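J.: Have a look at this fold, sequence not included:
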DNA sequence: GTATGGATGGACT
DNA sequence: GTCCATCCATACT
């Protein structure tokens, strides 16, 4: 008997963040019926100098040390919001959602993003939060209850590479993407 | 109290 | 390819 969606979520949430980041490719993430298929992720964990959790819990990253399956939202460069899914085999791990392939709520995304170019709606961590309407107000919410929804996907071709935009542990290949996707934030090489 | 530096994206050359 | 807008958690004095 195949695993239920809830069982698959639970298994993924409790996996090491690098395994969860890989497994999330092809799943569908939405908020209030707006979202799409996850095509790009990055893994972070507390032993990782590039991770916000590296120096232990603070008021900003507290959600990373809370229950798995919840959303950690932070402000990037003072302008953008970025969202992570808390998951891992211990506290302080999370997966950064870097890009979606838009599938539902396209009109709302176009309006929020101010462009008709579908490839520019969710092709980056800041873009997808703008397209879905995710802000600090959603920090700490569970990803499997409204307004959020996370549904498992089928098998996907996975490509890996170094994470983007970081200066520490930049060589670790913990960026994951769907092979051949047209909706990545940047190409893999 | 002040200083600093990003897990970015968009405009521009 | 380069430049930079703009916020705030954190480190430091």
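T.: Great, that's in hand. Keep in mind the model is a prediction, meaning the values are calculated, not measured.
J.: contacts and neighbour counts: CA atoms only from here.
T.: Noted.
J.: in chain A, which segments are predicted with low confidence?
T.: Scanning chain A for pLDDT under 70 picks out nothing.
J.: Check the gap between the residue in chain A that DNA strand C sits nearest to and residue A:126 for me.
T.: Using CA to the nearest atom of the strand, the single residue of chain A nearest to DNA strand C is residue A:78, 3.1 Å away. To residue A:126, residue A:78 is 11 Å away according to CA to CA, to the nearest Å.
J.: about what we covered before: burial of the residue of chain A closest to DNA strand C, as a residue count?
T.: Using other CA atoms under 10 Å, residue A:78 has 7 neighbouring residues.
J.: now do residue A:46
T.: Residues within reach of residue A:46, counting by other CA under 10 Å, total 20.
J.: Mind listing what's buried along stretch A:173-189?
T.: Using 16 or more other CA atoms under 10 Å as the test for burial, stretch A:173-189 gives A:174-179, A:183-185.
J.: And those residues, which is closest to residue A:47?
T.: For the buried residues of stretch A:173-189, the residue nearest residue A:47 by CA to CA is residue A:174; the value is 13.6 Å.
J.: show me the residues around the closest one that make contact.
T.: A:18, A:42-44, A:160-163 (CA atoms under 8 Å, 6 or more residues apart in numbering).
J.: Please apply the same query to residue A:8.
T.: Applying CA under 8 Å, 6+ apart, the residues near residue A:8 are residue A:152.
J.: in the helix or strand hosting it, what's buried?
T.: Using DSSP states H and E, residue A:8 maps to helix A:5-13. For helix A:5-13, the neighbour count (16+ other CA under 10 Å) marks A:9, A:12-13 as buried.
J.: now do stretch A:41-59
T.: A:41-46, A:48-53, A:57.
J.: partners of the spatially most central residue of chain A in the sheet?
T.: In chain A, the C-alpha nearest the mean C-alpha coordinate belongs to residue A:97, at 1.8 Å (CA atoms, centre = their mean). With DSSP bridges as the criterion, residue A:97 is bridged to residue A:41.
J.: just to revisit the earlier point, which of the buried residues of stretch A:41-59 are close to DNA strand B?
T.: Among the buried residues of stretch A:41-59, the residues that sit close to DNA strand B (CA under 7 Å from any atom of the strand) are A:44, A:50-53.
J.: which element is residue A:149 on?
T.: strand A:148-151.
J.: Each with direction, which strands does that strand pair with?
T.: strand A:28-31 (antiparallel).
J.: Residues contacting the partner strand, please?
T.: Outside strand A:28-31, the residues touching it (CA under 8 Å, 6+ apart) are A:35-38, A:132-134, A:146-153.
J.: mind running it again at 10 Å?
T.: A:35-39, A:97, A:100-105, A:129, A:131-134, A:143-153 (CA atoms under 10 Å, 6 or more residues apart in numbering).
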